[in-house]
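**Q** below are the sequence and a predicted model; questions follow.
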Amino acid sequence: MRNALLIAAAMCLVATAAFADYTASYSWEDGTSTILGSYGNLVDPTNVTGMQTGQSGLPGTSYSCPGAYDGMYYLHVAEETHYSTPQAYLACITGIVEGDNITVGFYGYDITPGSDYPSWRLWGHYSDAVVCTDCPGEYTGSASGPPDYSAGEGWDYLEYTWIMPALDVDWTALVIEGRIYSTPTTCDSCRTDYWGDLVTVTVPDHCTVTFPDGCPSATEANTWGGIKALYR
């Protein structure tokens, strides 16, 4: 009877663990890391602290960021020249399966209200990364994202939930992008600076979240074998 109760309890734990989520976050507090990778004419990824001043499009224009949203350090990137939609890769999620809900939030600095640029946008794409050491991997298709841009009121929080479709032979990971949008959209002599902070990712516990500081520390998995070991 005791063994039956233990098995029943273990099965309940397995059922709970199968649906458990966890949240991981990163805010550049290591003082050195920047991004996992990039696409387009994105330049000067830098880990910065304190007030920062940069250019806003045409030569001679400027604006500043008062400091990090979270902690002391934060991310700086720039678009130079203007001619595409540059993307900074902020996180990489491996171990995904069909039906997974992956929620990501990110703070971008923006002081141009409404539809004016410079602005941030949260986006995603699929890649062929299998484990964290493969991240970000090769691009294998767009995962889209929300229609919203940063609001233009200082530090603004952007968030979106991706629901994973059936796995494709060409993709095994989701890469989170911070897209930057500048004005004028095409300009050979232009440069625009951007600042971002605090990426938060909530995923099922069979997934691995990799941030710019590298592979996460190993943790003990909630597996059936591990639960059985408790009763040996």
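**A** Looks like it came in fine.
**Q** make it CA atoms for all contacts and neighbour counts henceforth
**A** OK.
**Q** tell me where this structure has helices.
**A** Secondary structure of the chain (DSSP state H): helices located at 2-18, 224-229.
**Q** now the longest one: mean pLDDT?
**A** In this model, helix 2-18 carries a mean pLDDT of 42.
**Q** then the shortest one?
**A** Computed over helix 224-229, the mean pLDDT rounds to 29.
**Q** and the nearest residue to Ser182 once chain neighbours are set aside, how far from Glu153?
**A** Distances taken as CA to CA, 6 or more residues apart in numbering place Pro118 nearest to Ser182, at 4.6 Å, with adjacent residues excluded. In this view, Pro118 and Glu153 are 12 Å apart by CA to CA, to the nearest Å.
**Q** okay, and the common contacts of the two?
**A** Taking CA atoms under 8 Å, 6 or more residues apart in numbering as the contact rule, Pro118 and Glu153 both touch Asp110, Thr112.
**Q** neighbour count winner among the two?
**A** Neighbour count, other CA atoms under 10 Å: between Pro118 and Glu153, Pro118 has more, with 24 against 12.
**Q** pretty sure the more buried one is touching Ser56, no?
**A** Yes: the criterion here is CA atoms under 8 Å, and Pro118 meets it with Ser56 at 7.2 Å.
**Q** okay, and the common contacts of these two?
**A** Contact criterion CA under 8 Å, 6+ apart; residues shared by Pro118 and Ser56: Ser182, Thr192.
**Q** neighbours of the nearest residue to Cys135 once chain neighbours are set aside, just the number please.
**A** Once flanking residues are discounted, Cys135 sits nearest to Ala129: 5.4 Å by CA to CA, 6+ apart. By the criterion of other CA under 10 Å, Ala129 has 24 neighbours.
**Q** do the same with Tyr22
**A** 12.
**Q** the strands in the chain, which residues?
**A** 21-26, 37-39, 42-49, 52-57, 62-65, 73-82, 87-94, 101-110, 119-127, 139-144, 154-163, 173-181, 187-204, 208-210 (DSSP state E).
**Q** now those as a markdown table including distance to Pro216 and mean pLDDT?
**A** Shown next, in a markdown table, are these (distance: least, CA to CA, whole Å; pLDDT from 0 to 100):
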| stretch | distance to Pro216 | mean pLDDT |
| --- | --- | --- |
| strand 21-26 | 10 | 97 |
| strand 37-39 | 17 | 97 |
| strand 42-49 | 19 | 98 |
| strand 52-57 | 29 | 96 |
| strand 62-65 | 30 | 96 |
| strand 73-82 | 19 | 97 |
| strand 87-94 | 11 | 98 |
| strand 101-110 | 17 | 98 |
| strand 119-127 | 19 | 97 |
| strand 139-144 | 22 | 95 |
| strand 154-163 | 22 | 97 |
| strand 173-181 | 16 | 97 |
| strand 187-204 | 13 | 97 |
| strand 208-210 | 6 | 98 |
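**Q** export the ones you listed to TSV and tack on distance to Ser217?
**A** Below are these laid out as TSV (distance: least, CA to CA, whole Å):
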stretch	distance to Ser217
strand 21-26	12
strand 37-39	21
strand 42-49	22
strand 52-57	32
strand 62-65	32
strand 73-82	21
strand 87-94	15
strand 101-110	20
strand 119-127	22
strand 139-144	25
strand 154-163	25
strand 173-181	19
strand 187-204	16
strand 208-210	10
